[in-house]
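1. Predicted structure and sequence below. I'll ask about it afterward.
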Amino acid sequence: MNRILIKNAKIVNEGQVFEGDVLIEDELIVDIAESISPKSTNTTIIDAEGNYLIPGMIDDQVHFREPGLTHKGDIESESRAAIAGGITSFIEQPNTIPNAVTQEILEEKYQIAAQKSYANYSFMMGATNDNLEELLKTNPKNVAGIKIFLGSSTGNMLVDNEAVLEKIFSSTPMLIAVHCEDEQTIKNNLEEYIAKYGDAVPVTAHHLIRSAEACYLSSSKAIALAKKTGARLHIFHLSTAEEMDLFTNKIPLAEKKITAEVCIHHLWFTNEDYATKGNFIKWNPAVKTAQDRTALWEALLDDRIDVIATDHAPHTLEEKKQSYLKAPSGGPLVQHALVALFEAHHQGKITIEKIVEKTAHNPATLFKIEKRGFIKKGYYADLVIINAGLPWSVKKENILYKCGWSPFEGFTFTSRITHTFVNGQLVYHNFKVKDIHCGKRLLFDR
């Protein structure tokens, strides 16, 4: 039996921080108490030394690029970076090559992850204008949800047939996750900028091309459709102040039919950073203004926004160094998301309890993930120890993404992840990932 006793931890769970010990046996948490004595000599004792013990982050939106785009990243490389960043479970998106739009292709991704993933995993089934029959075969017990691109971000998965959209929304019992940007608005804006600049459109125009109006038009439409059909809707990567009025904090999360996510980059960067970061902070939806960022923080803290994710989407340096019009959108984030949130805590923006709520408890509740996201007896031991006062700098040599770069390169974080446990196994310790692939397929209580 694998038996680990974590002692002297500041345990963060369900809005409380308390000092205590946690006992793990095999994959599960079996005891949580003020003080636990080892039951046998074969118990491994880990002294948390008064540091925070939190449930591992559940990242509900990543692009790990396998199959078909593995020069950018793959399930093994990116899940390795994820556990180094304290992310113990991820939900990956369908715009790989081929797109995960049939049950067979979807299942192939699960088979790859079963062999290669360091973290727990789930994959979303992708919607197109003509795969409703396949969508309806999706098993809600072992697939996170249906993903619909309402703006053509990356790949060829734009669903723009309104009759098809209504049919999907009214037919599936699954959670529907959407990327919301209005395609026509973006096309019109882009034409204007190309008319003005030719091929030399500056990256500083990105948030004006993929504008706040494009986001609001699309998300308000998706919400109206969800209300009309009764669909279970989750809106990914919100980026504008205007959209915040579309969401409520008057309903408990477990009862919400319409939920919302914000990503690390929209909480961290603003359009002013394009001048120095260029295409390295080119995401869809675009990083917008300081006013938008402030509104996102407010909505996150008052519970109109339910979860924080990364939208981790690596591209190679060569791809990103192209001109604005040619450079793809997206960037790597899983290794640095949690420490970035702890940095926001040091800046007085968010409590540690709230970080845990938005990165672990709420994704587990929102997706109805079985036995994860909390530090509770009988739950899987997906745990992270963080020293909140151990600075370290992001450098080329400690970046684990296959693409080899980070928008945080050169930044010194105040907090450092010292230990990550996945299913009761210590898989990461002080900048070293152990070669243990113990990730499991996420299951859902639906």
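-> Arrived safely.
2. Would you agree His36 falls within a helix?
-> Let me fix one detail, which is that residue 36 is Ile and not His. No - per DSSP: H, G, I helix; E, B strand; the rest coil, Ile36 lies outside any helix segment and is coil.
3. Apart from its chain neighbours, what residue comes closest to it?
-> Distance criterion Cβ to Cβ, 6 or more residues apart in numbering; nearest residue to Ile36, sequence neighbours excluded, is Asp21 at 4.1 Å. From N, CA and C alone the C-beta is placed, and that goes for glycine too.
4. Might one say that the one you found is in contact with Lys10?
-> No - look at Asp21 against Lys10 with Cβ atoms under 8 Å: they stay out of range, at 11.5 Å.
5. what bits of the chain have low per-residue confidence?
-> Low-confidence segments of the chain, defined by pLDDT under 70: 151-156.
6. If we use 50, what do you get?
-> The model of the chain has no residue with pLDDT under 50.
7. now the helices for the protein?
-> For the chain, the helices defined by DSSP state H occupy 75-84, 103-116, 132-135, 162-171, 183-197, 206-209, 212-229, 264-268, 274-277, 290-301, 317-320, 337-346, 352-356, 362-367.
8. my read: Ala177 touches Lys147, true?
-> Yes - shown here, Ala177 and Lys147 form a contact pair, counting by Cβ under 8 Å, at 5.1 Å.
9. For the helices of the chain, state which one has the densest average packing.
-> Mean neighbour count (mean count of other Cβ atoms under 10 Å) peaks for helix 75-84 among those, with a mean of 27.
10. Show me the contact partners of it.
-> Helix 75-84 has contacts (Cβ atoms under 8 Å, 6 or more residues apart in numbering) with 59, 62, 64-66, 88, 90, 92, 109, 112-113, 116-119, 121, 312, 314, 332, 334-335, 399-402, 417, 420, 422, 427-428, 431, 433, 437, 439.
11. Just the buried ones out of those, please.
-> 59, 62, 64-66, 88, 90, 92, 109, 112-113, 116-119, 121, 312, 314, 332, 334-335, 399-402, 417, 420, 422, 427-428, 433, 437, 439 (16 or more other Cβ atoms under 10 Å).
12. and the helices of the chain as JSON lines, adding distance to Leu443?
-> Converted to JSON lines, those look like this (distance: least, Cβ to Cβ, whole Å):
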{"stretch": "helix 75-84", "distance to Leu443": "18"}
{"stretch": "helix 103-116", "distance to Leu443": "12"}
{"stretch": "helix 132-135", "distance to Leu443": "20"}
{"stretch": "helix 162-171", "distance to Leu443": "23"}
{"stretch": "helix 183-197", "distance to Leu443": "35"}
{"stretch": "helix 206-209", "distance to Leu443": "39"}
{"stretch": "helix 212-229", "distance to Leu443": "25"}
{"stretch": "helix 264-268", "distance to Leu443": "27"}
{"stretch": "helix 274-277", "distance to Leu443": "39"}
{"stretch": "helix 290-301", "distance to Leu443": "28"}
{"stretch": "helix 317-320", "distance to Leu443": "36"}
{"stretch": "helix 337-346", "distance to Leu443": "24"}
{"stretch": "helix 352-356", "distance to Leu443": "22"}
{"stretch": "helix 362-367", "distance to Leu443": "10"}
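13. With respect to Leu390, which of these lies nearest?
-> Nearest to Leu390, of all the helices of the chain, is helix 337-346, at 10.2 Å by Cβ to Cβ.
14. Just want the phi and psi numbers for the closest residue to Thr316 other than its chain neighbours.
-> Closest residue to Thr316 in three dimensions, ignoring its sequence neighbours and counting by Cβ to Cβ, 6+ apart: Cys403, at 5.4 Å. Note on Cys403: backbone dihedrals following degrees, to the nearest 10 are phi -70, psi -20.
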